[in-house]
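Asks: Here you go, sequence then predicted model.
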Amino acid sequence: MTAINNQEQHTPPPSSHLVHPRYRADIDGLRAVAVLSVVAFHAFPGGIKGGFVGVDIFFVISGFLISTIIFSSLERDEFSFSEFYSRRIRRIFPALLTVLISCFSFGWFALTADEYKQLGKHVAGGSGFISNFVLWQESGYFDAAAETKPLLHLWSLGIEEQFYIVWPLVLWAGWKKRFNFLTITAALAFVSFSLNLASYQSDGVADFYSPQTRFWELLSGSLLAYISHHNSQFVTHIKNRIDGLLSKTIYAKPPESNGTTLRDFQSVLGSICIVTGMIFITKEKQFPGTWALLPVIGAVMVIGAGKSAWINRVILSNRVIVWFGLISFPLYLWHWPLLSFARVLESQVPNRSIRISAILISIILAWLTYRLVEHPLRFGKKNGVKVVLLAALMLLVGLLGFAIFQKDGFPSRNNIQNIEPALALIKWRDIDNSDTVCQKRFGQKYTYCKLSNDKSPSVALIGDSFANSYFQGLADEYAKHGDNLVMLGAPGCPPLLDIKSGFAGELDRCNSMSSNALKEVAATPEIHTVILAANWHLYIKGTRFDTASNKVWEIKPTDAEEISYDQFFSRKIKETIDFMAKSGKRIILIKQIPEINIDPATCLTSRPFAIHKKDNICKVPKAAVKSYLDEYEAVLNTVIIPDSRVSIFDPFPIFCPDEYCMVMDGIFPLYRDDAHLSLYGSGYMARHLKMF
């Protein structure tokens, strides 16, 4: 994305202290392939399902070009940190600032307070090149839809910039100590790839966003840079031998062994790897993992084949493809915000014509940004002044983003006639997952630990993020009866004894938190009632309401016992009830609230801007929701209905009183997203559940 392109690869002006590689049009062509595959995937994910691997191609290109500069400059004793980072700032900041400021400006008029607040946080993260860490923290099964985050794509820019900060320092230190660059690069690439392999099955989110598990992709380009820069006699000999063998294998009358056959074969095989990755890698795969080897090895082979290889010379050096390569960085920056804003404003996936229009507009904006902003600021005079001004402006934009986040998105900015719905949507974020009063009493061993007041708790709520969204309403109602409610649990973890829980083959979300909470509550005499609440369907059937994902959520024993899904859940819920009943507690089980599968922000009649004016779509058919809930109740009811020790409360009649399920109560949204209750919805449910 930010790799050096056309002009920067030409010989630098006399004042430069850095050695730059000769310009290769085919690398710009490969960059075009990468950006166009990403754009196509984002606009039409069903068409090029693996188009997102274009980012991995970008990583290889960046590692190759940056490392070529550093290796050459250090070995000639001409490397300058100030010049290196000055060039990075003049290369990256102009286009990025243009997009960030544009998103700010458009969001001011087009987004609700909650949406603008999130945008502010992501602008702050993007300006500080830590978007990957910000998105990493947000990720989970309770996270907002990725399509509604206009700056989601900056995660990859964050990883690149983190590499640009660390890698020159590592190589400079190695050069000072006279270490071998090849050994350093290979060792770090091996460590990074090993961390990737260790993480992708246990924690796919961390593997995707962590720089430690992604640097191997950039370092693959660095290895190629070193080998290309030090074209030793041994490497040349090996290449000639392989070229001769290939010529004899392919041709009846082998031509003279001059490396042409090997170069052509290498570029073809590399291209096949890239295309195969785009076809067969999907977002449901555990990625990067081993799958990322396809685009990474493919990109290394294509670049390593050199500009004279047939594919590189004829296809990748085509003038149209090269032109897209030249605007690849601003095109990458522009395309996703346009698609994401369209998704937000339409409150659904935009139709095909809107998506095509967004891509065409992004191409135009990318060209204008390249010609009018990026090029003038990268080249010319007064580079020192430019760097200071660009850095100051980036800092200002980051602070502005943080201020917008702190001010809850300035809900009154659009002169909305009634801002209460927007405020109701964001107020749930003001309640932390844990509070110091609870942690002082129970320690910091639970993701969710909340206590109504500093007195001893008399009622315990144990469960996942669904249960956590019920807490405030239940706490207020119990307080009216002199009880103090405590919430203990973890996201993605049902209130069951001794289980693991998570996407199949990935991270265990529980880490025994709910199990420990059950045991701790059972041993606390002051607690007379325990409430079990969760997204039961997810744990019994492995899916959410009307989801298109192929990923299955599973709960399983802490040991390797083989047992059917339904049987295992039934056994565990019975064991949990038996365990709690022995402690003398009253047991309450709250059935699952209806999931709505729509963004509650679409229900605000005061949305400031929309592409199409449409009827309110906040109607969720009761029959569809009931059919979905019946799937899990068929299993749950066989255990809990015959058990007189359990009091059962069902929110379904409260939220679905007629042929449609409620999303709003007048002007107030009952949900904060497509599944969890808002702060208002929590109180609404507690007031109507008649548990007290």
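Replies: Cool, got the structure. Everything numeric here is computed off the predicted structure, so don't read it as measured data.

Asks: phi, psi of K572?
Replies: Backbone torsions of K572, given as degrees, to the nearest 10, read phi -70, psi -40.

Asks: Now do it against V39, distance only.
Replies: Taking C-beta to C-beta, to the nearest Å as the measure, K572 falls 46 Å from V39. (Each C-beta comes from the backbone N, C-alpha and C, glycine too.)

Asks: Comparing these two, which residue is more hemmed in?
Replies: Legend: neighbour count by other C-beta atoms under 10 Å for K572 and V39, higher for V39 (25 against 22).

Asks: roughly how far apart are the closest residue to H481 other than its chain neighbours and L474?
Replies: Spatial nearest neighbour of H481, chain neighbours left out: F692 (5.6 Å); criterion: C-beta to C-beta, 6 or more residues apart in numbering. Using C-beta to C-beta, F692 is found at 9 Å from L474.

Asks: Which residue of those two possesses the greater neighbour count?
Replies: Relative neighbour count places L474 above the other of F692 and L474, with 27 against 11, counting by other C-beta under 10 Å.

Asks: Which helix or strand contains the more buried one?
Replies: When elements are assigned from DSSP states H and E, L474 belongs to helix 465-480.

Asks: Could you do D630 as well?
Replies: helix 622-640.

Asks: May I have that helix as CSV, with CA atoms only?
Replies: Coordinates of each C-alpha in helix 622-640 appear next as CSV, following Å, rounded to 0.1, in the frame of the first residue of the first chain:
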residue,chain,number,x,y,z
LYS,A,622,-42.3,-12.7,15.1
ALA,A,623,-42.7,-16.0,13.2
ALA,A,624,-39.1,-16.0,12.0
VAL,A,625,-37.7,-15.3,15.4
LYS,A,626,-39.9,-17.9,17.1
SER,A,627,-38.8,-20.5,14.6
TYR,A,628,-35.2,-19.7,15.4
LEU,A,629,-35.7,-19.8,19.2
ASP,A,630,-37.6,-23.1,19.0
GLU,A,631,-34.4,-24.7,17.7
TYR,A,632,-32.6,-24.2,21.0
GLU,A,633,-35.7,-24.5,23.3
ALA,A,634,-36.3,-28.0,22.0
VAL,A,635,-33.0,-29.0,23.7
LEU,A,636,-33.1,-26.7,26.7
ASN,A,637,-36.7,-27.4,27.7
THR,A,638,-36.2,-31.1,28.0
VAL,A,639,-33.9,-30.4,30.9
ILE,A,640,-35.2,-27.3,32.7
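
Asks: That one: what's the following helix or strand?
Replies: Helix 622-640 is succeeded, C-terminally, by strand 646-649 (DSSP H and E).

Asks: Could you list the buried residues of whichever helix or strand comes after that next one?
Replies: Next along the chain after strand 646-649, taking DSSP H and E as the criterion, comes helix 652-655. The neighbour-count check on helix 652-655 (16 or more other C-beta atoms under 10 Å) flags F652, I654, F655 as buried.

Asks: after the longest helix belonging to the chain comes which helix or strand?
Replies: Longest helix of the chain, by residue count under DSSP state H: helix 81-110. In the C-terminal direction, the helix or strand that comes right after helix 81-110 (DSSP H and E) is helix 113-127.

Asks: Please point out which parts of that next one sit buried.
Replies: Applying 16+ other C-beta under 10 Å to helix 113-127 flags 113-127 as buried.

Asks: ok so, going back, buried residues of the longest helix of the chain, list them for me.
Replies: Using 16+ other C-beta under 10 Å as the test for burial, helix 81-110 gives 83-84, 86-100, 102-104, 106-108, 110.

Asks: now the farthest one out in the protein, which residue is it?
Replies: In the chain, K253 marks the outermost C-alpha relative to the chain mean, sitting 53.0 Å out by C-alpha atoms, centre = their mean.

Asks: sorry, back to before: so what's the gap between the helix holding L474 and the chain middle?
Replies: The chain centroid and the centroid of helix 465-480 are separated by 30 Å under C-alpha atoms, centre = their mean, to the nearest Å.

Asks: Surely S202 and L507 touch.
Replies: Yes - using C-beta atoms under 8 Å, S202 is in contact with L507, at 5.5 Å.

Asks: any idea how the chain splits into domains?
Replies: Following automatic domain parsing, one gets these domains for the chain: 6-180+190-216+314-406, 431-598+621-660+680-688.

Asks: and L604, which of those domains is closest to it?
Replies: Nearest to L604 among those is domain 6-180+190-216+314-406 (6.3 Å), distances taken as C-beta to C-beta.

Asks: for that closest one, the distance to its chain's centre please.
Replies: Relative to the chain's own centre, domain 6-180+190-216+314-406 is displaced by 15 Å; criterion: C-alpha atoms, centre = their mean.

Asks: do the same with stretch 551-570
Replies: That offset, for stretch 551-570, works out to 28 Å (C-alpha atoms, centre = their mean).

Asks: just to revisit the earlier point, would you format the domains of the chain as a markdown table with mean pLDDT and distance to G277 included?
Replies: Below are the domains of the chain laid out as a markdown table (pLDDT from 0 to 100; distance: least, C-beta to C-beta, whole Å):
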| stretch | mean pLDDT | distance to G277 |
| --- | --- | --- |
| domain 6-180+190-216+314-406 | 90 | 5 |
| domain 431-598+621-660+680-688 | 89 | 18 |
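
Asks: right, so of those domains, which gets closest to K239?
Replies: domain 6-180+190-216+314-406 (18.0 Å).

Asks: Tell me where the stretch 451-600 of the chain has strands.
Replies: Per DSSP state E, counting those that start in this stretch, the stretch 451-600 of the chain carries strands over the ranges 459-463, 485-489, 499-503, 529-533, 553-557, 586-590.

Asks: Please identify the one among these that comes closest to I356.
Replies: Nearest to I356 among the strands of the stretch 451-600 of the chain is strand 499-503 (33.3 Å), distances taken as C-beta to C-beta.

Asks: what pairs with that closest one, and is each one parallel or antiparallel?
Replies: Strand pairing for strand 499-503, using DSSP bridges, gives strand 553-557 (antiparallel).

Asks: In the strand it pairs with, which residues are buried?
Replies: W553, E554, I555, K556.
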